[in-house]
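Enquirer: pasted the sequence and its predicted model underneath.
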Amino acid sequence: MANEQTPSAGGQLTPEQLAQKDPSWQRVLLARHPKRPYSLDYIERLFTDFREVHGDRSFADDPAIVCGMAFFDGQPVMVVGEQKGRDTKQRFHRNFGMPKPEGYRKAIRVMKMAAKFGRPVVTFMDTPGAYPGIDAEERGQAEAIAHNLREMARLTIPVVAVVIGEGGSGGALALGVGNHVYMMENAIYSVISPESCAAIIWRDSGKAELAAKALRITAADLHRLGLIDAIVPEPPGGAQEDWDEASRLLGETLRRALGELSRLPPGELVRQRYEKFRRMGNFFI
C-alpha cells in the first residue's frame with residue numbers, strides 16, 4: 001500500500017497531500033471548495049424579505065454581484081455580496097464570481113441608497129478577483145474599484161464586511177472598506193492568488209502552496225497583522241459541512257458588530273473607518 005505522502009504520477013503531490021503538508025494551502029482548498037456556502041446561501045439563512053436590486057443605471061446588471069434590501073433581526077439593512085455559481089450554467093451566468101465594472105457600480109449605488117435611508121450595509125466578499133477581460137477594462141474596471149474604495153470610506157452608516165471564501169485582491173477590497181472587517185475561519189484574503197504569485201516569483205505556478213504560505217493569506221495571519229477585526233468560526237471540517245451552523249455562527253458576529261456600530265454617530269463611523277485603514281501596513285514582520 002502506498003504511503004500517504006507518496007507523490008502522484010509525475011512526482012507532484014495531490015491537493016489532499018499538499019493540504020496535509022501546509023495549513024495555508026489547506027485553507028486555500030477549503031476557501032475554494034465547490035460546496036462551500038456562497039453569498040446567496042448566507043442571505044437566505046440570515047436575512048428576511050430580501051429584495052434584490054439590479055443594474056448600475058449606466059450599462060447593465062452584473063450577476064457576479066447581488067445587492068438588495070433585507071431585514072436582519074427585524075432591522076432594515078442593505079446586503080451586497082459577490083456570488084459564484086454551482087453548476088456550469090450558473091458559473092458562466094455569474095462569470096465565475098468575477099465582477100465587471102457595472103457590478104461595482106451597482107454595489108456602490110445600493111450603498112449610497114443605504115446611506116440616504118440610514119440603513120447599515122453588510123457585504124460578503126467571495127471572488128478570485130475582478131474580471132480582467134478587455135471589455136471590463138474598456139468600461140473602466142480600475143476606476144470602478146477605486147471609486148468604490150473612496151465612496152465606501154465616506155459612508156455615514158455602519159458597514160460590516162466579511163470574507164466568506166476567496167478574497168481576491170481589489171476585486172474583493174472594492175466591497176471591503178468596512179468599520180468592522182471579518183473573515184470566516186477557512187477564508188483567504190490576498191493581493192494575488194497563490195498560483196499567480198508562484199508564476200511571478202518562481203516561474204512555476206505549481207509552487208502555489210509555497211506562495212500561499214509566504215503570502216500570509218489565512219484569517220489567522222491577517223488577524224495577527226491587524227488587517228481584520230476578528231475570525232468567524234466554522235463548523236468542524238469547514239462551512240461546506242453544515243451551512244446552517246456556519247450561518248448561525250456568522251449571524252452571531254453580525255449581530256454583535258451591528259449592535260456596537262449602531263451606537264456611533266455618523267461622523268464617528270467615518271472617522272473610525274478612515275483611521276482603521278490608515279493604520280494598515282504599519283507593522284514589522
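Expert: The structure has been received and is ready for your questions.

Enquirer: three-state assignment of residue 171?
Expert: Three-state call for residue 171 (DSSP: H, G, I helix; E, B strand; the rest coil): helix.

Enquirer: ugh, typo on my part, it should be residue 123
Expert: On the basis of three-state DSSP, residue 123 is classed as strand.

Enquirer: tally of neighbours for it?
Expert: 29 (other Cβ atoms under 10 Å). Using the backbone N, CA and C atoms, a C-beta is placed for each residue, glycine as well.

Enquirer: got it, and residue 217?
Expert: 27.

Enquirer: so what's it up against?
Expert: 24, 27-28, 188-190, 194 (Cβ atoms under 8 Å, 6 or more residues apart in numbering).

Enquirer: repeat that for 10 Å
Expert: By Cβ atoms under 10 Å, 6 or more residues apart in numbering, the contact set of residue 217 is 24-25, 27-28, 31, 166-167, 183, 187-194, 197, 211.

Enquirer: ok, now residue 243?
Expert: By Cβ under 10 Å, 6+ apart, residue 243 lies in contact with 35-38, 41-42, 44-45, 235.

Enquirer: rewinding a little: write a PyMOL command that selects only the buried members of the contacts of residue 217.
Expert: The buried residues among these can be selected in PyMOL (16 or more other Cβ atoms under 10 Å) with this line:
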select buried, resi 24+25+27+28+31+166+167+183+187+188+189+190+192+193+194+197+211
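
Enquirer: helices - which of the contacts of residue 217 land there?
Expert: 24-25, 27-28, 31, 194, 197, 211 (DSSP state H).

Enquirer: can you show me the strands along the protein?
Expert: 48-53, 65-72, 75-82, 121-127, 159-168, 180-184, 188-190, 230-232 (DSSP state E).

Enquirer: pairing partners for the first one, with directions?
Expert: Going back to what we said before, that points to strand 48-53. strand 65-72 (antiparallel) (DSSP bridges).

Enquirer: now list the buried members of the contacts of residue 243.
Expert: 36-38, 41-42, 235.

Enquirer: quick check, nearest of those to residue 273?
Expert: residue 42 (22.7 Å; Cβ to Cβ).

Enquirer: residue 188 versus the closest one, what's the distance?
Expert: Distance, residue 42 to residue 188, by Cβ to Cβ, to the nearest Å: 17 Å.

Enquirer: next up, phi/psi of residue 191, please.
Expert: When read as degrees, to the nearest 10, the backbone of residue 191 gives phi -70, psi -20.

Enquirer: surely it is in contact with residue 211?
Expert: No: Residue 191 lies out of contact with residue 211 (Cβ atoms under 10 Å); the separation is 11.4 Å.

Enquirer: just give the nearest non-adjacent residue to residue 141, would you?
Expert: residue 101 (5.1 Å; Cβ to Cβ, 6 or more residues apart in numbering).

Enquirer: report how many residues lie close to that neighbour.
Expert: Neighbours of residue 101 using other Cβ under 10 Å come to 26.

Enquirer: repeat for residue 75
Expert: Neighbour count for residue 75, taken as other Cβ under 10 Å: 13.

Enquirer: who does it bridge with?
Expert: So, taking DSSP bridges as the rule, residue 75 has residue 72 as bridge partners.

Enquirer: close enough to count as contact, it and residue 49?
Expert: No: applying Cβ under 10 Å as the test, residue 75 and residue 49 come out as separate, 11.6 Å apart.

Enquirer: what about residue 98, distance to residue 128?
Expert: Relative to residue 128, and taking Cβ to Cβ, residue 98 is found at 6 Å.

Enquirer: do the same with residue 115
Expert: For residue 115 relative to residue 128 (Cβ to Cβ), the value is 29 Å.

Enquirer: quick check, pLDDT for residue 279.
Expert: On pLDDT, residue 279 comes in at 87.

Enquirer: one more: the one 3 residues further on?
Expert: Reading off the per-residue confidence, residue 282 sits at a pLDDT of 71.

Enquirer: same thing with the one 3 residues further on?
Expert: With respect to pLDDT, residue 285 scores 50.

Enquirer: with residue 205 instead?
Expert: Reported pLDDT for residue 205: 89.

Enquirer: run a quick neighbour tally on it.
Expert: 15.

Enquirer: again with residue 258
Expert: Should you count by other Cβ under 10 Å, residue 258 turns out to have 19 residues around it.
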